[in-house]
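1. Build me a structure from this.
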Amino acid sequence: QVQLVESGGDSVQAGGSLRLSCVASVNTYTMAWFRQAPGKGREGVAVIDRPSNTRYADSVKGRFTISRDNAKNTLYLQMNDLKPEDTAMYYCAADFRPWYSLANPSQVRYWGQGTQVTVSS
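-> Presented below is the predicted three-dimensional model:
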């Protein structure tokens, strides 16, 4: 079992920045961020493996940066130039298996409880 605890969500104006963090109880090979807006399905934002190879959703490329500190079992998401359409609950995801697709949330083994990001125009 893996426990994931997110933090860093907040309300910001469009164009602002936030940094999300996720502390895991153990080190896992794959970690990712997903988000879910009201009335919509859960969508992948970014994924990173233990060697720090990354993949991003097209909607966040150039604005968001995923990173991890393996010594601290911590995942980060630096979000810059935030837009109202980024408003969502952001979830940390983890798995001992390697995967890189952001299209299938059902493959995720472990989820955090979520942290809310609200961007106003």
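
2. For the rest of this, base every contact and every neighbour count on C-alpha atoms.
-> Noted.

3. Which parts of the protein are strands?
-> Listed in chain order, the strands found in the chain under DSSP state E are 4-7, 11-13, 18-24, 30-36, 43-49, 54-56, 64-69, 74-79, 88-95, 110-111, 115-120.

4. and for the third one, what are the contacting residues?
-> Judged by Cα atoms under 8 Å, 6 or more residues apart in numbering, the contacts made with strand 18-24 from elsewhere in the structure are 2-10, 72-80, 92.

5. that older thread, switch the strands of the chain over to CSV; also include mean neighbour count, mean pLDDT and distance to Asn104.
-> What follows is the strands of the chain, written out as CSV (neighbours: other Cα atoms under 10 Å; pLDDT from 0 to 100; distance: least, Cα to Cα, whole Å):
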stretch, mean neighbour count, mean pLDDT, distance to Asn104
strand 4-7, 20, 98, 19
strand 11-13, 15, 98, 28
strand 18-24, 21, 98, 20
strand 30-36, 25, 98, 10
strand 43-49, 23, 97, 8
strand 54-56, 19, 97, 14
strand 64-69, 20, 98, 18
strand 74-79, 20, 98, 20
strand 88-95, 24, 97, 12
strand 110-111, 18, 96, 13
strand 115-120, 19, 98, 20
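
6. Can you add distance to Ser101 and give these back as CSV?
-> Shown next, in CSV, are the strands of the chain (distance: least, Cα to Cα, whole Å):
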stretch, distance to Ser101
strand 4-7, 20
strand 11-13, 29
strand 18-24, 20
strand 30-36, 10
strand 43-49, 8
strand 54-56, 8
strand 64-69, 15
strand 74-79, 17
strand 88-95, 13
strand 110-111, 16
strand 115-120, 22
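
7. do you know which of the ones you listed lies nearest Leu102?
-> strand 43-49 (4.5 Å; Cα to Cα).

8. between the closest one and strand 64-69, how big is the angle?
-> 40 degrees (axes from the mean of the first three to the mean of the last three Cα atoms, to 10 degrees).

9. Report the contact partners of the one residue sitting closest to the centre of the chain.
-> Nearest to the geometric centre of the chain sits Trp33, at 2.0 Å (Cα atoms, centre = their mean). The neighbours of Trp33, taking Cα under 8 Å, 6+ apart as the test, are 44-47, 77, 90-93.

10. Right, I'll leave it there.
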